[in-house]
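In: Okay, predicted coordinates and the sequence, questions at the end:
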Amino acid sequence: MFLTVRESVKSRFTAEQLASFEEVHESDFLDESLFKTAESLMLRHAIKPEDLSIATNDEFALISAASLREQLGLKGAKVCEVELFMDKIKMKERVQQGGVNIPKHLLFKPDDYNANKES
């Protein structure tokens, strides 16, 4: 098993926890380094896409993980699916399309609010 983690998060792991991984890689999850790391691991260890899964417990890495799955052709949630859980307005619209009653809600737009504070 391999671990790719932000430098700031890596410091939270004990030496014993880090030792349980074959390899530990640091990434900021914002650039091509994550894809290059995954692609390199797959090539070096002859890992087939059907034998690989990408998981995260970091809400801020969900889109990166989903994007990586799409780029590598892996099973799992895709960007458009993950976005529904991260954008509450999109989530409510999708649930409502499925026939579930949703309480009235409104998208807060700071620019509109600031332009119409008096009204």
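Out: Received the coordinates, thanks.

In: tell me the SS of residue 24?
Out: For residue 24, the assignment made with DSSP: H, G, I helix; E, B strand; the rest coil gives strand.

In: what's the burial count for it?
Out: Residues lying near residue 24 (other Cβ atoms under 10 Å) number 15. Glycine gets a C-beta too; all of them are placed from N, C-alpha and C.

In: Who is it paired with across the strands?
Out: residue 3 (DSSP bridges).

In: for it, what are its contacts?
Out: 2-5, 10, 18 (Cβ atoms under 8 Å, 6 or more residues apart in numbering).

In: Give me the contacts around stretch 11-19.
Out: Taking Cβ under 8 Å, 6+ apart as the rule, stretch 11-19 contacts 3, 5, 10, 24.

In: With residue 38 as the reference, measure out to residue 92.
Out: Distance, residue 92 to residue 38, by Cβ to Cβ, to the nearest Å: 33 Å.

In: neighbour-wise, which of those two wins?
Out: Neighbour totals were compared for residue 92 and residue 38, and residue 38 leads with 22 against 16 (other Cβ under 10 Å).

In: so that one is in which element?
Out: Using DSSP states H and E, residue 38 sits within helix 33-44.

In: can you pull the buried residues of that helix?
Out: 34, 37-38, 41-42 (16 or more other Cβ atoms under 10 Å).

In: Reformat those into CSV and put pLDDT and distance to residue 57 next to each item.
Out: What follows is these, written out as CSV (pLDDT from 0 to 100; distance: Cβ to Cβ, whole Å):
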residue, pLDDT, distance to residue 57
34, 84, 16
37, 86, 18
38, 88, 18
41, 89, 20
42, 91, 22
